[in-house]
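>>> Structural data only, the sequence is not supplied:
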């Protein structure tokens with residue numbers, strides 16, 4: 001009985017203390033981001049976010065923003081392209097937003113669903129455009145109409161500036177964004 005209490009106490013402490021002990025990759029991501037946002041990045045510098053840093057950021061921010069709704073987020077980087085995925089529980093996601101899902105939505109999207117996406121990024125002159133090339137839910141391609149719904153009802157509620165296929169200005173003296181297998185680079189204006 002004592003051993004069971006110790007295990008439960010240990011699990012409870014781990015759950016409570018986890019955010020205080022972020023992974024080194026997450027800390028590095030946040031430090032690099034702060035350097036850019038605070039204007040401390042040198043003119044003409046390239047700040048590179050590695051795959052482990054991006055994965056750590058995605059997973060730890062998902063836990064913070066939408067607890068219990070996303071796990072296993074990961075990316076694969078290429079030249080000007082990225083693919084990524086995660087397991088998502090859309091019912092819990094809506095509930096975390098304070099929106100009770102309807103009966104049909106609950107029946108269709110209940111449980112964990114693997115989501116996979118492929119994007120392209122074009123960037124230069126202080127602007128960038130992100131194109132969604134494909135989106136799959138449980139291995140099935142998601143039609144464009146449903147992609148628009150997902151962007152409007154899920155993504156934009158967490159990041160209102162998201163606009164797929166439309167150029168947007170880059171803030172914080174950012175000249176361009178570069179995607180390559182070695183990492184995601186942010187290039188600061190000279």
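In hand now; what should we look at? All values derive from a computational prediction rather than experimental measurement.
>>> C-alpha from now on. contacts and neighbour counts both.
Will do.
>>> give me the low-pLDDT residue ranges for the chain?
Across the chain, the ranges flagged by pLDDT under 70 are 1-21, 152-162.
>>> List the buried residues of stretch 82-98.
The neighbour-count check on stretch 82-98 (16 or more other CA atoms under 10 Å) flags 82-94 as buried.
>>> Mind putting those residues into TSV with secondary structure and distance to residue 133?
Formatted as TSV, the buried residues of stretch 82-98 follow (DSSP: H, G, I helix; E, B strand; the rest coil; distance: CA to CA, whole Å):
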residue	secondary structure	distance to residue 133
82	strand	10
83	strand	9
84	strand	12
85	strand	14
86	strand	17
87	strand	19
88	strand	20
89	coil	23
90	helix	22
91	helix	25
92	helix	26
93	helix	24
94	helix	25
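>>> So what touches whichever strand or helix holds residue 176?
For residue 176, the element it lies in under DSSP states H and E is strand 174-180. Outside of strand 174-180, the residues within contact range by CA atoms under 8 Å, 6 or more residues apart in numbering are 77-82, 121-128, 170, 184-189.
>>> correct me, but residue 165 touches residue 133?
No. Contact criterion CA atoms under 8 Å: residue 165 and residue 133 do not qualify, at 10.0 Å.
>>> And the helices in the protein, which stretches?
Counting by DSSP state H, the chain has helices at residues 2-17, 24-37, 51-65, 90-96, 103-109, 144-150, 156-158.
>>> chain center to the fifth one, what's the gap?
If I follow you right, that is helix 103-109. Centroid separation for helix 103-109 versus its chain: 24 Å, with CA atoms, centre = their mean, to the nearest Å.
>>> so what secondary structure elements neighbour it?
If you count contacts as 3 or more CA pairs under 8 Å, 6 or more residues apart in numbering; DSSP states H and E, helix 103-109 packs onto helix 90-96.
>>> list the helices and strands the helix it packs on packs on?
Judged by 3+ CA pairs under 8 Å, 6+ apart, helix 90-96 is in contact with helix 103-109.
>>> can you pull the buried residues of the helix it packs on?
With burial defined by 16+ other CA under 10 Å, the residues of helix 103-109 counted as buried are residue 109.
>>> Of the contacts of strand 174-180, just the buried ones, ChimeraX syntax please.
The buried residues among those can be selected in ChimeraX (16+ other CA under 10 Å) with this line:
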select :77,78,80,81,82,121,122,123,126,127,128,170,184,185,186,187,188,189
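>>> Give me the spatial nearest neighbour of the residue nearest the centre of the chain, chain neighbours excluded.
Central residue of the chain (CA atoms, centre = their mean): residue 58, 4.3 Å from the mean position. Closest residue in space to residue 58, ignoring its immediate chain neighbours: residue 73 at 6.1 Å, by CA to CA, 6 or more residues apart in numbering.
>>> residues in contact with the nearest residue to residue 23 once chain neighbours are set aside?
Leaving aside its sequence neighbours, residue 23 sits nearest to residue 56 (CA to CA, 6+ apart; 7.2 Å). For residue 56, the contacting residues are 23, 25-26, by CA under 8 Å, 6+ apart.
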